[in-house]
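>>> test case, fold it:
(one chain, ligands or ions: 1)
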Amino acid sequence: MKVPFRKMHGLGNDFVVLDARATPLRLGEDAVRFIGDRHKGVGFDQLVTLEAAPDADLFIRFHNSDGSEAGACGNGTRCAASLVLAETGRSHIAIRTIAGQLAADLLPDGSVRVDMGPPRLGWRDVPLAREMDTLHVPLSAEGVSDAACCSMGNPHATFFVEDLDALDIPAIGPGLENDPLLPERGNIGFAQILSRSQMRLVVWERGAGLTLACGSGACAAVVSARRRGLVDARCAVTVPGGGDLVIEQREDGHVLMSGPVATSFTGELDL
Ligand SMILES: N[C@H](CCC[C@H](N)C(=O)O)C(=O)O
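Sure, this is the predicted structure:
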């Protein structure tokens, strides 16, 4: 089966985007992992599949390179939304995912802003293995302790550190991702606050490992930093991929994420 694809990224967080709106695609875990293989396939952090939606302009499904499905992918949502915004000539679209209803806007500078909805802050929402204060979760590893957790449709644990460069994230990421306190595993964010309107962030992603940017992780880090009184409502999040994601939490709690999107190439898979 020949399947056209588009290779895209948002600040280096990279995706293979499939359009299954006209013809449904049912890819098994093996196919997802094959496409994501950076030697035998195309390679991606996430597979982003566009599907038809009865109650929105678009349904988007996300799979990590380990084959697991995710409820949210901020950068992938921006990439998929940019295609539909361009195709329709509209500046606003409604999006549905398995975790809820989102919206996307095309901004005057060509970047795409996604309304990721409100964070989920309860221990069952993240989820955590037992009842506890999600703002101070006893996760720890070399150089980090006391995580702030929330869900943006996917589970996040964020550590705030003095010096990001002093951490060995590839060494501590896997153990934290799979900590028993996180029954659905977790995306692990490491944030260094630079001011009340800027932070650096590196994320060890659930099911994908170290990525150059993580949109939902940037949202989670700003939400958690606000809960701890460390930043204001609008914060630039500088990521290893080079550049900033701009995160703003609205009065109603919704978290807006803006940033660039890019197409690297298109191609055809032979599945
Ligand atoms: N690894 C994440 C999904 C992708 C998140 C990230 N690429 C983003 O932009 O939000 C998870 O399993 O929840």
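
>>> buried ones in stretch 23-42, by neighbour count?
Neighbour-count burial for stretch 23-42 flags L25, L27, A31, V32, R33, F34, I35, G36, G41, V42 (criterion: 16 or more other C-beta atoms under 10 Å). For every residue, glycine as well, the C-beta is placed using N, CA and C.

>>> switch the residues you listed over to a markdown table; also include pLDDT, secondary structure and distance to the ligand.
Listed next are these as a markdown table, based on pLDDT from 0 to 100; DSSP: H, G, I helix; E, B strand; the rest coil; distance: C-beta to the nearest ligand atom, whole Å:
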| residue | pLDDT | secondary structure | distance to the ligand |
| --- | --- | --- | --- |
| L25 | 92 | coil | 19 |
| L27 | 89 | coil | 17 |
| A31 | 92 | helix | 18 |
| V32 | 94 | helix | 13 |
| R33 | 93 | helix | 14 |
| F34 | 94 | helix | 19 |
| I35 | 96 | helix | 16 |
| G36 | 95 | helix | 12 |
| G41 | 94 | coil | 18 |
| V42 | 97 | coil | 16 |
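
>>> and the contacts of stretch 238-246?
9, 11-13, 74-75, 194, 198-202, 212-215, 218, 234-237, 257-260 (C-beta atoms under 8 Å, 6 or more residues apart in numbering).

>>> are any of those buried, and which?
Neighbour counting with 16+ other C-beta under 10 Å marks 9, 11-13, 74-75, 199-202, 212-215, 218, 235-237, 257-260 as buried within these.

>>> how does the chain divide up, domain by domain?
Residue ranges for the domains of the chain, per automatic domain parsing: 2-115+260-270, 137-253.

>>> end to end, how far does the shortest one reach?
The reference is to domain 137-253. Start and end residues of domain 137-253 are separated by 22 Å (C-alpha to C-alpha, to the nearest Å).
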